[in-house]
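Chemist: Sequence plus predicted model, see below.
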Amino acid sequence: MKGTGEGEQKQEEEGKWHPLAEKFSPRERIQLLNVLTENIYQKSIAEACVVTPQAVSSWICKKGFYPGNEASVYLLKLDQRVKPEETARIVKNGIERYIDELEKIGIEIREDL
């Protein structure tokens, strides 16, 4: 039996991104998308996310439509390559917003960080 194949390695690598991307709110997912649309055509984004160009258009133009978990993995990875500083800012703001929301309901974790 051979070692880990190329496909298995890719799947393992993708698996590391999934738990992170799943935690993004719809707002952060759209922010990640907007970073990409500044430099990349919607059709190319759609191909990278394995969705139709119409899906990307809906994410951009329609309220209540946003990338799912799988597409968010690709958006996060692409953003990290295209604009790492902007990606870090979006992630940081999302974490801060989440901590603020936890504190509003009485879960204090900021001191422990």
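Modeler: That came in fine, so what should we check first? No experiment lies behind these values; they were computed from the predicted model shown.

Chemist: Give the next helix or strand downstream of the helix or strand of the chain with the lowest mean pLDDT.
Modeler: One helix or strand of the chain scores below all others by mean pLDDT, DSSP states H and E: helix 6-22, with a mean of 68. Moving toward the C-terminus from helix 6-22, the next helix or strand (DSSP states H and E) is helix 26-37.

Chemist: Run through the neighbouring helices and strands of that following helix.
Modeler: helix 42-49, helix 53-61, helix 69-82, helix 84-104 (3 or more CB pairs under 8 Å, 6 or more residues apart in numbering; DSSP states H and E). (Glycine included, C-beta is placed from N, CA and C.)

Chemist: Deepest-packed of those helices, please.
Modeler: Of these, the one with the most neighbours on average (mean count of other CB atoms under 10 Å) is helix 69-82, at a mean of 19.

Chemist: Pull the residues that contact that one.
Modeler: 14, 17-18, 20-22, 24, 29, 32-33, 35-36, 39-40, 45, 48-51, 55, 67, 86-87, 90 (CB atoms under 8 Å, 6 or more residues apart in numbering).

Chemist: 6 Å instead?
Modeler: Contact with helix 69-82 is made by 17-18, 21-22, 24, 29, 32-33, 35-36, 39, 48-49, 51, 67, 87, as judged by CB atoms under 6 Å, 6 or more residues apart in numbering.

Chemist: Can you say which of the residues you listed are buried?
Modeler: 21, 24, 29, 32-33, 35-36, 48-49, 51, 67, 87 (16 or more other CB atoms under 10 Å).

Chemist: Which of those sits closest to Glu103?
Modeler: Using CB to CB, Phe24 comes nearest to Glu103 of the buried ones among the contacts of helix 69-82, at 19.7 Å.

Chemist: coming back round to it: quick check: the farthest pair among the buried ones among the contacts of helix 69-82?
Modeler: Val51 and Thr87 (20.0 Å).

Chemist: CA-only coordinates of stretch 29-46 in CSV, if you can.
Modeler: Taking C-alpha atoms only, stretch 29-46 is exported to CSV below (Å, rounded to 0.1, in the frame of the first residue of the first chain):
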residue,chain,number,x,y,z
ARG,A,29,-18.2,35.7,4.5
ILE,A,30,-19.5,38.6,2.4
GLN,A,31,-16.5,40.8,3.5
LEU,A,32,-14.1,38.1,2.4
LEU,A,33,-16.0,37.9,-0.9
ASN,A,34,-15.8,41.7,-1.4
VAL,A,35,-12.1,41.7,-0.9
LEU,A,36,-11.8,39.2,-3.8
THR,A,37,-14.2,41.1,-6.1
GLU,A,38,-11.9,44.1,-6.1
ASN,A,39,-9.2,42.1,-8.0
ILE,A,40,-10.9,38.9,-9.4
TYR,A,41,-13.8,38.4,-11.8
GLN,A,42,-16.9,36.8,-10.3
LYS,A,43,-16.6,34.0,-12.8
SER,A,44,-13.1,33.1,-11.5
ILE,A,45,-14.3,33.3,-7.9
ALA,A,46,-17.2,31.0,-8.8
